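Novice: Compute the structure for the input listed below.
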Amino acid sequence: MSVVILGAGLGALRVAETLRRSGFVGAIDVVGAEEHPPYDRPPLTKALLRGEITHTTLKPDLADLDVRSHLGVAVTAVDPMTHIVTLADGRTLGYRALVIATGASPRRLRDVPPGDGLHVVRTVDDARRLRTALAAARPLVVVGAGFVGCEVAASARQAGVEVDLVETLPGPLYRALGDPAAGIVRTLLTDRGVRVHAPASVAEISAPDSNGTRTVSLDNGTVVTQCEVVLGLGVVPATGSLIGSGIELADGVVCDAGGHTSAPDVWAVGDVARWHHPLAGASVRVEHWTSAGEQARIVGSNVAATLDGGTRTELSTNDVPYFWSDVFDVKIQALGFVDPNDVVQVTEPAGRPVLVYSRDERLRAVVGFGAPARVARLRSAVASGAPAAEVVAGLQR
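Specialist: So this is what the prediction gives:
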């Protein structure tokens, strides 16, 4: 039996890499539903969608790590009692340790006719299909103004496509970052020609016509014809194969601060995993690239420690969450757990907005727009919950 990793993305690759660096010499099996080797997802809505790059394959290769790959096959069942996973092609794999890194799946609208002209952007194949569609210069309607929706809208405008961005909440990124940030992002988008409809809802998306395009009607009276449609409605953790396994699930796989699940010898990382985080004081699922890599490093080390008899000290997460997004030429960066319900103060050092999020007058998070140096130097202040007034004063100097 081996270490089996379910999922073949960034988290899976980094777990395997950490296992080898930790001295683990046993067998490692990686199972991925997609046919592609591990690749980077952030560029899918940006450089790859704009045609600036053709792939985002990550290094090292699984073969270089002496990993057995099972790509293009889904997992159908996990049995922690027997330590066996079952694959869609009928094969089974036994494990000494199991790492769940299955990621997440995009949400979709109900009652929308399937077929051409309707896209999500979660996989490299999704991005390539949308890139081909954008080359026809048809209008694009993006439903949902979260990070994926805003990035797709910006990339499409850079490709010369007319874009309508639809959001049920008051503004772009409102759910993630709150009202002040939503206003900044709305201006950023509209100044570059994106038509932002927020708040607004989709009344109807037609079936594809003979050209494979759609008609979209909004509740504000807007109608866009002969268009492509992208759904950017967020994701749900990919836990379907775990139903009935006995592993605790609650909007993801529930883990402790070291990635352990409720089942013996089973860990989880990445978008599918809900880890206890000391800064949040709760169990949280963090859908960020940097968090997936950090969790993979911890789990790889902890699995290696377990398999060699636990001679090494186990690790747990205490890292300050960090994420970024690129909308046109503006890099949006955040440190900490951003909660729009916290007190938000807007500063503009050198004309570049930095938002300070606080609770009980203590710093919880910062979000910067084109201000990487200022955001980076606030990491320790976020980690320690520094007085928000001092942080604001320092930014204003």
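
Novice: Tell me which stretches of the stretch 201-350 of the chain form helices.
Specialist: Residue ranges of the helices in the stretch 201-350 of the chain, as given by DSSP state H, counting those that start in this stretch, are 289-307.

Novice: which one is Pro80 nearest to, not counting chain neighbours?
Specialist: In space, Pro80 comes closest to Ala263 once its chain neighbours are excluded; the distance is 3.8 Å by Cβ to Cβ, 6 or more residues apart in numbering. For every residue, glycine as well, the C-beta is placed using N, CA and C.

Novice: ah, wrong one, I meant Gly94
Specialist: Here the nearest residue to Gly94 in space, its sequence neighbours aside, is Met1; by Cβ to Cβ, 6+ apart that works out to 4.1 Å.

Novice: Need the pLDDT of that neighbour.
Specialist: You'll see Met1 listed with a pLDDT of 70.

Novice: State the distance from it to Leu307.
Specialist: Separation of Met1 from Leu307 (Cβ to Cβ, to the nearest Å): 11 Å.

Novice: who touches both of those two?
Specialist: Arg96 (Cβ atoms under 8 Å, 6 or more residues apart in numbering).

Novice: more crowded one of these two?
Specialist: Comparing Met1 with Leu307 by neighbour count (other Cβ atoms under 10 Å), the higher total belongs to Leu307, at 17 against 13.

Novice: Contact partners for the residue most central in space within the chain?
Specialist: Central residue check for the chain by Cα atoms, centre = their mean: the C-alpha nearest the mean position is that of Glu287, 4.0 Å away. By Cβ under 8 Å, 6+ apart, Glu287 lies in contact with 104, 235, 271.

Novice: Which of these sits closest to Ser22?
Specialist: Asp271 (23.7 Å; Cβ to Cβ).

Novice: And the closest one, what's its pLDDT?
Specialist: 97.

Novice: Next one: it relative to Ala292, how far apart?
Specialist: Asp271 sits 7 Å away from Ala292, going by Cβ to Cβ.

Novice: Counting neighbours, what do you get for Gly94?
Specialist: Neighbours of Gly94 (other Cβ under 10 Å): 14.

Novice: Which ones among the contacts of Glu287 map onto strands?
Specialist: Among those, the residues falling in strands (DSSP state E) are 104, 235.

Novice: most neighbours, which of the contacts of Glu287?
Specialist: Per-residue neighbour counts (other Cβ under 10 Å) across the contacts of Glu287 peak at Asp271, which has 26 neighbours.

Novice: My guess is that residue contacts Ile100. True?
Specialist: No - Asp271 lies out of contact with Ile100 (Cβ atoms under 8 Å); the separation is 10.8 Å.

Novice: how close does Val346 get to Val196?
Specialist: From Val346 to Val196 the distance is 20 Å (Cβ to Cβ).

Novice: That should have said Leu218, apologies.
Specialist: 12 Å.

Novice: same check, this time on Ser291
Specialist: 29 Å.

Novice: Show me where the stretch 1-150 of the chain has its strands.
Specialist: Remark: strands assigned in the stretch 1-150 of the chain by DSSP state E, counting those that start in this stretch are 2-6, 28-32, 68-71, 75-79, 84-87, 92-100, 104-106, 118-119, 140-143.

Novice: Per-residue pLDDT of the residue nearest to Pro80, please?
Specialist: Ala263 carries a pLDDT value of 97.

Novice: do the same with the one 4 residues further on
Specialist: Confidence per residue is given as pLDDT, and for Trp267 that number is 97.

Novice: Pull the contacting residues for it.
Specialist: Applying Cβ under 8 Å, 6+ apart, we find Trp267 in contact with 97-100, 255, 259-261, 299, 302-303.

Novice: Of the residues you listed, which is the most crowded?
Specialist: Within these, most neighbours by other Cβ under 10 Å means Ile100, with 35 neighbours.

Novice: count of neighbours near the closest residue to that one other than its chain neighbours?
Specialist: Nearest in space to Ile100, with sequence neighbours left out and distances taken as Cβ to Cβ, 6+ apart, is Ala268 at 4.1 Å. By other Cβ under 10 Å, 30 other residues sit near Ala268.

Novice: what's the average pLDDT for stretch 229-242?
Specialist: Mean pLDDT, computed over stretch 229-242, is 97.

Novice: Describe which strands the worst-scoring helix or strand of the chain on mean pLDDT pairs with in its sheet and in which direction.
Specialist: Ranked by mean pLDDT, DSSP states H and E, the weakest helix or strand in the chain is strand 282-284, scoring a mean of 88. When sheet partners are counted by DSSP bridges, strand 282-284 sits next to strand 273-277 (antiparallel).

Novice: And the strand it pairs with, how far out from the chain middle?
Specialist: Distance of strand 273-277 from the chain centroid (Cα atoms, centre = their mean, to the nearest Å) equals 15 Å.

Novice: ok, residues contacting it?
Specialist: With Cβ under 8 Å, 6+ apart as the test, strand 273-277 has contacts from 100-101, 237, 250-257, 259, 282-286, 295, 317, 321, 337.

Novice: picking that back up, between Val346 and Val196, who's got more neighbours?
Specialist: Counted by other Cβ under 10 Å, Val346 and Val196 do not tie: Val196 has more neighbours, with 23 against 14.

Novice: Now do the SS call for that one.
Specialist: strand (DSSP: H, G, I helix; E, B strand; the rest coil).

Novice: Would you agree it is in contact with Pro170?
Specialist: No - applying Cβ under 8 Å as the test, Val196 and Pro170 come out as separate, 10.7 Å apart.

Novice: Give me the neighbour count for Pro106.
Specialist: Neighbour count of Pro106, defined by other Cβ under 10 Å: 18.

Novice: Over to Arg379?
Specialist: Residue neighbour count, defined by other Cβ under 10 Å, stands at 15 for Arg379.

Novice: Contact partners for it?
Specialist: Shown in contact with Arg379 (Cβ under 8 Å, 6+ apart): 320, 322, 335.

Novice: Ramachandran coordinates for it?
Specialist: Dihedral pair for Arg379: phi -60, psi -50, per degrees, to the nearest 10.
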